[in-house]
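J.: Here is a sequence with its predicted model. Questions after.
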Amino acid sequence: MVTGFFPLFLQSDLGMPVIMRIRQPLAHMELQPFSYTIADDDGTGARAVTMLSFFIQVLNNMKIRNKLILSFVVVVFVPVAIVGIFLTGELRKFAFNNALEQAYQNLDRVKKRSSEVINVADDLSYRLSYDQRLKNVANHQYESVYDVFLAYRDYPDLQQAIRMYKEISNIRFYSDNSTLINNWEFIYPEQDIRQAEWYTRAEQKIGLVHWDYIQDERDHKFYLSLIKGVDLGSKDNRGVLVINVNSNMLNTILSQENFDTLIVDSKNNIVAANRPELYGRTLADINDHSGAVYQQKGTHESVINEEASKVLIEPLNTESGVNGLRIISIFSIDSIVAGANRISQLAMTVIIISLLLAVLLIYSFSSLISNRLLRLSKHITKVGTGNLGVVMVIDGKDEIGQLSRQFNSMVGNINELMNEVQDSNQQKRRMEQKQNEIKFKMMASQINPHFLFNALEAIRMEAHLKGETEIARIVRLLGKMMRSNLEVGNGKTTIQDEIEMVQCYLDIQKFRYEDRLKYELVVDPAANRVRIPPLIIQPLVENAVIHGMDHKEEGTCIRVLVSVSEDRIHVSTVDNGAGISAERLELIDGFLNDSDEADGGRIGLRNVHVRLQLTYGPEAGLTIYSEPGLGTRIDFSIPTGGENDDERADRG
């Protein structure tokens, strides 16, 4: 019998949800619909809730296929009716916004292209106003017409600029030098020119660029012109540079736009337009009831030429700054809505056809879904009876297919959980057995440390009194080692203290083996204060002494090397002992990396290897190099970024 937890959501008196978990066999679990009533003074609320509960009960008793058909009628036909009512308005709004966005994009494109045209004049004016050769031609007092001719021939820059830049129609430079000859490039201003507003403003504001819609003396046509006063060396000696922008290029740019698009100067002169009848006119010639076209920027609504229209205005500033130029785009709202009406009719036709097609398909789809759900229900019933070997065939990637995958996963998880419970029980029994063994060994090794140290001290004093100083020294070293090992807990020790214990151990072994054992300790002082787990280096040295001297009659030298390189500490124990065969070395490497710890063997090496990896990561384990007859080398490296003894003292 399989049981499961099922959440039950209730409502407490304080309005907070209360979750209860009911444990009940899956096979006998039946979800019953419930109803509740809320009584009020006249009983209206109770009747409404009871009717809602009855309606929910009826829906719950219906088959899935009938629910899908009913939901289609309620959920599809009702929204379609609502959509049909509001579709025209929404589409009108969408089309209008789309047209407005397109108008903004067109306006931005016109602005960029127009800016490229007028910026040519702006850049050219900057170069010419600082051209010393131009100033020399304008300042020089000529004695004859021939001298003027030579000067004009030596300075062809204005003609070359007109030929080079198609964005420029003409360039004129006005100067008070009466010896100049008018060649339509260098001009001595007449009285009507001197009295013109644009000329006087240029003379008063030397170096500043302003734009105006003025007439060219050569062809008597009006051009959008850049006007700039030029300093010729003194307050009374000033020139005026006039650069005409190519109006045909501006009109060509605007002619590509569908909406009425104009370029207007600061005096409301229409300097360019995509309607030829507006060339050279002013904004007063546009029948604007609200005056929206006179605004400097933004989006406005107005009635233009008796039509409701949108007016988009964007400043057309040059690289030299604000100039009063602006681009105006005007489009009729009715012309946009007409397209939206056509879209609305097309949309309604598509919706009606789609509804008719949906009525034919909903019955087939509902039957398909109900059959798949029925098959899932049968498999759940089998699991409820205790049959955990059932597997559903996944026939899709939709929600039902996902339920099928989750069902298979649930059955598999139940089987895995049952296996894991069995394995966990077995592991728990083995762990309890190991713990009992450890307790027994700990009880067997509980010798009073004070008694042991006192006995060693008594032996050392007796040896010292009898003149056996070497025996006394060895006994002292042995006691120091035992006390250090007993005091070691789960904390860390410094490399310096660890090396001292290694030296004690080697001195004791040297007393035992005499001249057969030699040792050398080479430790970088920078590593002394670094803290490491205790008993890391000493077991490696012990292994070198015990196994390095086996089957070797001559002396053995053991070296312990501790060095610091970059951000790591490298530790090596090297001996020239008997060495290890390749087969034996392979067995040792396998033992060190074996996940199951066995009894016996090289427990000391494995202990060090595992503790290094647990403390510093897998890369910090032992690496063994050995050749028979040549000796053995054991290396490991740890990071230097750990805590050192000086830092602990500072915190203390």
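T.: Arrived safely.
J.: Please, where are all the helices along the stretch 101-250 of the chain?
T.: Assigned by DSSP state H, counting those that start in this stretch, the stretch 101-250 of the chain shows helices spanning 132-139, 145-154, 157-164, 191-194, 197-204, 247-255.
J.: Outside of the fourth one itself, which residues are in contact with it?
T.: What it means is helix 191-194. Contact with helix 191-194 is made by Y174, I187, Y199, T200, E217, as judged by C-beta atoms under 8 Å, 6 or more residues apart in numbering. In this view, the C-beta of every residue, glycine as well, is placed from N, C-alpha and C.
J.: Please apply the same query to the second one.
T.: Applying C-beta under 8 Å, 6+ apart, the contact partners of helix 145-154 are V137, H140, Y142, T179, L180, I181, N183, E185, F186.
J.: Direction-wise, compare that helix with helix 132-139 and give the angle.
T.: In this structure, helix 145-154 runs at an angle of 160 degrees to helix 132-139, with axes from the mean of the first three to the mean of the last three C-alpha atoms, to 10 degrees as the basis.
J.: how much does helix 145-154 deviate in direction from helix 157-164?
T.: Using the same axes, to 10 degrees: helix 145-154 against helix 157-164 is 40 degrees.
J.: Helix 145-154: which residues count as buried?
T.: Along helix 145-154, the positions that meet the burial threshold by neighbour count (16 or more other C-beta atoms under 10 Å) are V148, A151, Y152.
J.: CA-only coordinates of that helix in PDB, if you can.
T.: Extracted as PDB, the C-alpha positions of helix 145-154 are listed here (Å, rounded to 0.1, in the frame of the first residue of the first chain):
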ATOM      1  CA  VAL A 145      42.800  95.900 -62.800                       C
ATOM      2  CA  TYR A 146      45.600  93.600 -63.800                       C
ATOM      3  CA  ASP A 147      46.700  93.300 -60.200                       C
ATOM      4  CA  VAL A 148      43.200  92.300 -59.200                       C
ATOM      5  CA  PHE A 149      43.100  89.800 -62.000                       C
ATOM      6  CA  LEU A 150      46.400  88.200 -60.900                       C
ATOM      7  CA  ALA A 151      45.100  88.100 -57.300                       C
ATOM      8  CA  TYR A 152      41.900  86.400 -58.300                       C
ATOM      9  CA  ARG A 153      43.800  83.900 -60.500                       C
ATOM     10  CA  ASP A 154      46.200  83.000 -57.600                       C
END
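J.: From the chain's centroid, how far away is it?
T.: The chain centroid and the centroid of helix 145-154 are separated by 68 Å under C-alpha atoms, centre = their mean, to the nearest Å.
J.: The last one too?
T.: Relative to its chain's centre, helix 247-255 lies at 46 Å (C-alpha atoms, centre = their mean).
J.: Packing partners of it?
T.: If contacts are counted by 3 or more C-beta pairs under 8 Å, 6 or more residues apart in numbering; DSSP states H and E, helix 247-255 sits against helix 78-129, strand 222-234, strand 260-264, strand 270-273.
J.: counting contacts, what elements does the last one pack onto?
T.: Counting contacts by 3+ C-beta pairs under 8 Å, 6+ apart, the secondary-structure elements packed against strand 270-273 are strand 222-234, helix 247-255, strand 260-264.
J.: just the angle between the following helix or strand past it and helix 78-129, please?
T.: Toward the C-terminal end, the helix or strand that comes next after strand 270-273 (DSSP states H and E) is strand 298-304. Between the direction of strand 298-304 and that of helix 78-129, the angle (the same axes, to 10 degrees) works out to 110 degrees.
J.: Which SSE is immediately downstream of strand 298-304?
T.: Going down the chain from strand 298-304, the next helix or strand is strand 307-315, by DSSP H and E.
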